[in-house]
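Please find the sequence and the predicted model below.
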Amino acid sequence: MTDQSMRGFMGVLEQTGELHRVKRSVDPRFELGAVLALKDRGPGLLFERINGHSMPVVGNLLSMRARFAAALGVEPSALDAILQKALAYPIAPVMVDEGPVQEIVHQEKIDLGRLLPVPTWFEREAAPYVTAGVIIAKDPETGRRNVSIARLRLDGGGKIMAGIAKNHHLYILADKAKALGRKLEIAVAIGNHTAVLLGSQLYLGLGDDEYDTVGGLLGEALQLVRCKTVDLEVPAHAEIVLEGELDPNDLIDEGPVSEFHGFYVNYGAGIGGIIRCVTHQRDAIYQAILPGYASEHCLLGGVAIGATLCQALQRMIPAVRRVVITEGGMGRLHAVISMHQPRLGEGARAVMLAMGQVNLLKLVTVVEDDVDPENAREVEWSLAARFRGGEDLIVVPHVKADRCDPVHENLTVTKIGMVATTRPGDGSTDSRSEWARAPRSVLDEVRKNLTEY
């Protein structure tokens, strides 16, 4: 069986020198977050001594795209392929009788702030936030599972507040529970295998079980255990699980909170709830993802969004090869689409389809597949060499925007597409599209022996 824990990947990073153990004592109030921010592109960080807590904290595990590939056991160049395969060939989870995540059980007088070293991240936020908690819930009408991530604020004892956008599936399920006069049971798994984190972020349909795609990423069924106090199933090899419920009638003003663009926003009311049971591994490690404009936060969403968008575009336009949601675009707002010899007009069509598929997108650049969409220098080269402003610029003003867009006005933004591809036939009619290079046979021979030069 594949190692379905977070620890297996931590071991890989430690072997390669990409996990640093922080020996000095760290305060979870602001200090821990400041360290993660200032070491954003560095190694994963395991904080062994947290003031007031015996449980260590790990962060920055996935602050580079290559680490997602390493966590899934593939080369960086194969990351897109394994995501597409998982979407095409999901594997349903299996139940097991017991798992490490339930070695220790707390059910009396739950105090989350005492049990867990949850960081307080930013100066104006009101309280600590759980940021890497994968939330499991079931549709009150159909019983179908939903797996997602939303920020959870600790409000004292076992009380929590969930900040959820109204278009998110978890909010829709809470609304359904409200209409039925019920509360919504939830379980929150913390310290998960990367496949679980990625699966929770895929843009699937309401009713699709993200656990199935997690199995596709693992190449085997995800092992689940039944919760102790709620009718839900959680990854058996997670570090920590919180069991409780959201009360859709308990609306709590959240106040200022950080968003992926790095600014504070004030979204108004979140949904209150209560945690009545906590289970965890005997030597549990708390996983934290730095929120705001941080690499791990942006990449986790961006890698998953790019995978589902690529799948959707390829159904309509077979010439699409890859979709990269860029870090500079906060892992949400900007995309680069790679296409193979697109026919006239296909690039513009890809732009419009992408913006229709992912509401957040507002800048989409189309390049040919001789350009690496992850390489900002090559993308800029493509714009300089192939983009004709008068013909290839698409500007659509006053488009409905997501509430989290930092420059929306009355929930609308202007969306822009740039098609930086050659014209059909350019290679034979216009020498400006023909690469200047040595004969291919010489290049191939030199490439084979490049280390000898």
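Thanks, I have the structure now.

For the rest of this, base every contact and every neighbour count on C-alpha atoms.
Fine.

Tell me what residue 409 is bridged to.
For residue 409, the residues forming beta bridges with it (DSSP bridges) are residue 412.

neighbours of it, just the number please.
13 (other CA atoms under 10 Å).

same deal with residue 14?
Burial of residue 14 is recorded as 15 neighbouring residues (other CA under 10 Å).

One more: the one 3 residues further on?
Close neighbours of residue 17, defined as other CA under 10 Å, add up to 11.

residue contacts, it?
residue 43 (CA atoms under 8 Å, 6 or more residues apart in numbering).

repeat that with 6 Å
Shown here is residue 17, which makes no contacts under the criterion CA atoms under 6 Å, 6 or more residues apart in numbering.

Name the SS class of it, please.
Under the three-state scheme (DSSP: H, G, I helix; E, B strand; the rest coil), the conformation of residue 17 reads as coil.

do you know how far it is from residue 335?
32 Å (CA to CA, to the nearest Å).

do the same with residue 15
In this structure, residue 15 and residue 335 are 34 Å apart, going by CA to CA.

With neighbour numbers in mind, choose between the two.
Relative neighbour count places residue 335 above the other of residue 15 and residue 335, with 29 against 10, counting by other CA under 10 Å.

hang on, the more buried one packs against residue 325?
Yes: using CA atoms under 6 Å, residue 335 makes contact with residue 325 at a distance of 4.4 Å.

Poorly predicted segments of this protein, please.
Across the chain, residues meeting the criterion (pLDDT under 70) sit at 1, 424-433.

so where's the longest helix in it?
helix 295-316 (DSSP state H).

From the contact counts, what lies against that helix?
strand 320-325 (3 or more CA pairs under 6 Å, 6 or more residues apart in numbering; DSSP states H and E).

Could you tell me which residues within the strand it packs on count as buried?
Neighbour counts using 16 or more other CA atoms under 10 Å place 320-325 of strand 320-325 among the buried residues.

Could you write out the alpha-carbon coordinates of that strand in PDB?
What follows is strand 320-325, C-alpha atoms only, in PDB (Å, rounded to 0.1, in the frame of the first residue of the first chain):
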ATOM      1  CA  VAL A 320      -5.300  22.300 -25.600                       C
ATOM      2  CA  ARG A 321      -2.300  20.700 -23.900                       C
ATOM      3  CA  ARG A 322      -1.800  22.300 -20.500                       C
ATOM      4  CA  VAL A 323      -3.300  25.000 -18.200                       C
ATOM      5  CA  VAL A 324      -1.200  26.700 -15.600                       C
ATOM      6  CA  ILE A 325      -2.800  29.000 -13.000                       C
END
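
Show residues contacting it.
Here strand 320-325 makes contact (CA under 6 Å, 6+ apart) with 302, 306, 310, 314, 331, 334-339.

Show the buried residues in those.
By neighbour count, with 16+ other CA under 10 Å, the contacts of strand 320-325 hold 302, 306, 310, 331, 334-339 as buried.

would a markdown table of these with distance to residue 145 be doable?
A markdown table is the format used below for these (distance: CA to CA, whole Å):
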| residue | distance to residue 145 |
| --- | --- |
| 302 | 23 |
| 306 | 23 |
| 310 | 24 |
| 331 | 26 |
| 334 | 30 |
| 335 | 29 |
| 336 | 32 |
| 337 | 31 |
| 338 | 33 |
| 339 | 35 |
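
Can you flag which of these belong to helices?
Filtering those for helices - DSSP H - leaves 302, 306, 310.

ok, the last one to residue 84 distance?
Spelled out, it's residue 310. Going from residue 310 to residue 84 by CA to CA gives 8 Å.

now swap in residue 357 and tell me
Where residue 84 is concerned, residue 357 sits at a distance of 17 Å (CA to CA).

Between those two, tell me which one has more neighbours.
Set side by side, residue 357 and residue 84 show unequal neighbour counts under other CA under 10 Å, the larger going to residue 84 at 17 against 14.
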